[in-house]
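Q: A predicted structure for the sequence below; I have some questions about it.
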Amino acid sequence: MKHWYIKSWLCAAALLATFNVYAQDKKVTKDLYIATGIPDSLKDEANAVVRYSSDELIVKGPGRVTEKHHSIVTVLNEKGDDEARLILYYDKKYNSVNSVEMIVYNAAGVQLKKYRKSDMYDRSAADGMSIITDYRLLALGHTIASYPATIEVIYETSKNSYLDLGDWNIQEPEKSIQYAEYKVSIVPSIGFRFKNKNTGIKPEKTVTDGMEKYTWKVQNIKAVKPEEDALAWQVFPKISFAANSFLFDGMPGDISNWQNYGKWQQALNTDVNSLSPQRVEEIKTMTAGIKSDKEKAKFLYEYLQQNTRYVSIQLGIGGLKPFPASFVDQKKYGDCKALANYMCALLKAVNIPSYYAMVRAGTNAEPADPSFPTDPFNHIILCVPFKSDTTWLECTSSTQPFGKLGPFTENRNALLITENGGKLVNTPKSTGIDNQFNSEVRLILNADGSAKVKAKILSTGEYRSDYIGIASFKADEQKEYLIRTLNIKQPSAFEYNTGADKDGVKEVTLELEFDKFCDIIAGNKQFYRPRLFDLWKTTLPVLEKRKTDFYFNQPMQKACITTIELPEGFEVETLPVNQSLKFSYGNYEITYTYNAAKNQVISTAKFNLINQAIPAAKYVEMQVYMDNIAKAQNKKLVIRRKA
């Protein structure tokens with residue numbers, strides 16, 4: 001009887017604790033903590049279900065923001081375990097975490113565990129590249145023992161500086177929503193704006209105590225599993241928020257248009273873009289024998305690459321303001337802001353104008369929205385407007401060729417910081433020529449099915465970056481990488497030699513031996529895959545109707561000429577058929593010839609992808625095309641002993 005009493009008291013206490021939370025909001029009812037209350041329609045394709053979510057943003061003036069969050073999420077399986085992990089970022093100057101609670105319930109809604117701010121792990125938010133930063137994080141994780149389980153999170157944060165007001169990312173992959181709302185309370189004088197993306201929902205608007213209040217609500221949204229190689233920012237709904245007036249580190253600004261925001265950043269950079277008169281004269285002397293401005297810029301860019309290194313330092317407003325050019329010149333390091341600003345100062349010393357350019361970096365990352373001025377940027381590059389063309393420089397890379405950006409920042413909107421303020425322009429888009437993989441292979445077959453191979457690879461763009469990167473790998477790592485990416489058979493001997501790197505073309509040679517290169521030996525016949533590696537190995541699932549565009553990382557051109565030397569005493573019985581395959585955004589060709597006099601088979605393969613973004617309407621065509629490439633590459637070369 002005593003044990004029954006204690007158990008009943010504990011259950012009552014748990015229910016009372018639950019009631020104290022949801023009693024604060026009439027929308028939060030007991031059934032939201034009980035897993036059986038989830039509608040069946042919300043379980044399909046879902047790893048977790050948002051039972052209730054409420055975010056409130058209170059903006060009392062420029063630089064005065066409070067955010068309140070309350071969510072109840074039921075985790076259905078281990079793929080939803082991230083819901084039991086909480087990370088909140090803060091710093092000692094601009095952002096603070098006022099309070100935190102995370103409460104864990106079992107399937108029946110009984111409280112199992114309660115965490116508070118004091119239980120969270122507090123550490124520096126260093127990213128592995130920053131040698132020093134103000135940013136910190138509070139982290140908390142709970143191990144879910146059985147499913148379903150419900151996680152309730154309540155926290156409040158505040159800011160005394162901001163550039164924009166962030167986003168409401170309404171839905172995440174494989175997560176359904178029973179009910180969610182987002183509220184913004186803001187003083188009218190600072191000019192509130194919002195922009196919908198992939199959603200048409202509208203807010204309810206009221207005015208209370210001189211504050212405008214906007215409320216967005218969604219409910220009963222089914223889970224979505226993204227299609228392969230779709231971009232989340234093109235699929236999932238979100239609403240972006242901004243205020244025309246902002247305050248950061250005590251510096252007021254206006255972001256109602258791109259020009260005004262650029263003026264604020266230009267003012268921030270005014271006192272950091274000069275070198276000493278003595279240093280300016282040294283730079284002029286260094287470039288005195290160079291004729292054109294573009295050649296001078298190339299020389300100075302390579303000087304930057306050879307004499308500085310990338311190091312991230314994020315202290316105070318240093319997250320937005322570059323370190324002085326004189327600092328980088330002396331210390332020989334800096335982050336993207338500091339290095340771009342230093343390169344600008346080097347060019348300025350020889351009277352070549354250039355512009356500090358803010359960009360959203362990341363392969364196929366979401367570009368800035370021209371119609372919605374805000375601050376989505378996370379990287380700085382440099383724009384040099386010559387008379388004949390415009391050149392873009394990635395100042396953080398010690399290996400990037402002059403005037404080449406690559407997928408990290410190409411085909412994006414960049415905000416140029418000019419004397420007249422901000423100007424949003426497009427960064428260039430690469431073509432297949434910019435990303436080439438060209439190879440020549442000599443493959444010597446032996447009568448026992450073994451082989452020796454020597455291959456030369458010439459690469460540009462992203463392929464060049466790959467081969468520069470793997471040069472630092474250990475031999476076993478290089479071997480594993482090439483076997484995996486090129487679909488090479490397991491060699492018995494492997495040698496990787498890095499060659500010249502000139503004018504943006506990287507050379508690599510491979511020397512391989514195979515105890516068994518032959519696929520099948522049947523009597524006097526031998527069956528071979530007639531190449532060392534595949535130019536393309538991706539195949540795609542069959543879909544009746546693709547809903548979203550498909551994205552590759554970049555356009556490309558790939559080619560390989562393979563010379564196969566047959567063993568003495570052998571001849572060709574069957575040569576694979578030549579093939580020419582095409583689809584709207586690419587082509588693949590493979591040809592085979594047999595030189596009986598030299599007893600050689602020569603194959604020439606070419607693969608071109610002219611655009612990295614493939615419209616959804618072209619998916620079926622592409623899927624069939626990729627399957628046909630796989631079939632073409634699966635054809636065998638058959639040789640036989642001469643009679």
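A: Arrived safely, thanks for sending.
Q: Glu462 is in contact with Pro407, isn't it?
A: Yes. Contact criterion CB atoms under 8 Å: Glu462 and Pro407 qualify, at 6.4 Å. All C-beta atoms are positioned from the backbone trio N, CA, C, and that covers glycine.
Q: just give me how far the host helix or strand of Val184 sits from the chain centre.
A: Per DSSP states H and E, Val184 falls inside strand 175-186. How far strand 175-186 lies from its chain's middle: 26 Å, per CA atoms, centre = their mean, to the nearest Å.
Q: list the neighbouring strands of it plus their orientation.
A: Under the criterion DSSP bridges, strand 175-186 sits next to strand 48-61 (parallel), strand 211-221 (antiparallel) in its sheet.
Q: go through the first one and flag the buried ones.
A: Of the residues in strand 48-61, those buried by neighbour count under the rule 16 or more other CB atoms under 10 Å are Ala48, Val49, Val50, Arg51, Tyr52, Ser53, Ser54, Asp55, Glu56, Leu57, Ile58, Val59.
Q: also stretch 350-364?
A: Val350, Ile352, Ser354, Tyr355, Tyr356, Ala357, Met358, Val359, Arg360, Ala361, Thr363, Asn364.
Q: so what's the first one scoring on pLDDT?
A: The score at Val350 is 97. That number is its pLDDT.
Q: my guess is it contacts Glu281, does it?
A: No. Counting by CB under 8 Å, Val350 stays clear of Glu281, with 10.8 Å between them.
Q: Arg442 against Ile561, yeah?
A: No. Proximity of Arg442 to Ile561 does not meet the contact threshold set by CB under 8 Å, at 9.6 Å.
Q: how about the nearest residue to Asn611, chain neighbours excluded?
A: Tyr585 (4.8 Å; CB to CB, 6 or more residues apart in numbering).
Q: now do the one you found against Glu462, distance only.
A: Look at Tyr585 and Glu462: by CB to CB, to the nearest Å, they are 18 Å apart.
Q: do Lys26 as well
A: For Lys26, the distance to Glu462 (CB to CB) stands at 55 Å.
Q: average pLDDT for stretch 496-516?
A: The average pLDDT for stretch 496-516 rounds to 94.
Q: tell me the gap between that stretch and the middle of its chain.
A: Centre to centre, stretch against its chain (CA atoms, centre = their mean), the figure for stretch 496-516 is 29 Å.
Q: got a list of contacts for it?
A: Outside stretch 496-516, the residues that touch it by CB atoms under 8 Å, 6 or more residues apart in numbering are 399, 401, 404, 449-461, 463-464, 467-468, 470-471, 475, 478-479, 482, 488-495, 532.
Q: are any of the residues you listed buried, and if so which?
A: For these, buried by 16+ other CB under 10 Å: 401, 404, 449-453, 455, 457-461, 463-464, 467-468, 470, 478-479, 482, 488-489, 491, 494, 532.
Q: helices - which of those residues land there?
A: Gly461, Tyr463, Arg464, Tyr467, Ile468, Ile470, Gln478, Lys479, Leu482 (DSSP state H).
Q: next one: phi and psi at the residue nearest the centre of the chain?
A: Residue closest to the average C-alpha location in the chain (CA atoms, centre = their mean): Gly362, at 4.1 Å. Phi and psi for Gly362, reported as degrees, to the nearest 10, are phi 130, psi 140.
Q: per-residue pLDDT, it?
A: Here, the pLDDT recorded for Gly362 equals 94.
Q: how far does stretch 173-192 sit from its chain's centre?
A: Worked out by CA atoms, centre = their mean, stretch 173-192 lies 26 Å from the chain centre.
Q: between the two ends of that stretch, how far is it?
A: One end of stretch 173-192 sits 29 Å from the other (CA to CA, to the nearest Å).
Q: my guess is Glu78 contacts Tyr147. True?
A: Yes. The criterion here is CB under 8 Å, and Glu78 meets it with Tyr147 at 7.3 Å.
Q: who has more neighbours, those two?
A: Tyr147 (16 against 9; other CB atoms under 10 Å).
Q: what about that one, which SS state?
A: Three-state call for Tyr147 (DSSP: H, G, I helix; E, B strand; the rest coil): coil.
Q: now it. Nearest residue, chain neighbours left out?
A: Asn77 (5.6 Å).
Q: repeat for Lys159
A: Per CB to CB, 6+ apart, closest to Lys159 is Val65, 4.4 Å.
Q: tell me the helices and strands packed up against the helix or strand hosting the one you found.
A: Assigned by DSSP H and E, Val65 belongs to strand 64-75. Judged by 3 or more CB pairs under 8 Å, 6 or more residues apart in numbering; DSSP states H and E, strand 64-75 is in contact with strand 48-61, strand 149-159.
Q: closest one to Ser371 among those strands?
A: Closest to Ser371 of the helices and strands packed on strand 64-75 is strand 48-61 (CB to CB; 21.7 Å).
Q: state the number of residues packed around the spatially closest residue to Thr591 that is not a sequence neighbour.
A: Once flanking residues are discounted, Thr591 sits nearest to Asn578: 4.6 Å by CB to CB, 6+ apart. Asn578 is flanked by 13 other residues according to other CB under 10 Å.
Q: per-residue pLDDT, Asn578?
A: Looking at Asn578, the pLDDT reads 97.
Q: against Pro428, how distant is it?
A: Here the criterion is CB to CB. By it, Asn578 lies 36 Å from Pro428.
Q: next one: Gly37
A: In terms of CB to CB, Gly37 sits 53 Å off from Pro428.
Q: thinking again about what came up before, show me whatever sits in contact with both of Glu462 and Pro407.
A: Common neighbours of Glu462 and Pro407 (CB under 8 Å, 6+ apart) are Asn553, Gln554.
Q: before we move on, back to that, redo the buried residues of stretch 350-364 as a markdown table? Include distance to Gln219 and secondary structure.
A: A markdown table is the format used below for these (distance: CB to CB, whole Å; DSSP: H, G, I helix; E, B strand; the rest coil):
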| residue | distance to Gln219 | secondary structure |
| --- | --- | --- |
| Val350 | 62 | coil |
| Ile352 | 57 | coil |
| Ser354 | 51 | coil |
| Tyr355 | 47 | strand |
| Tyr356 | 45 | strand |
| Ala357 | 42 | strand |
| Met358 | 38 | strand |
| Val359 | 37 | strand |
| Arg360 | 31 | coil |
| Ala361 | 36 | coil |
| Thr363 | 35 | coil |
| Asn364 | 31 | coil |
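Q: understood, closing this out.
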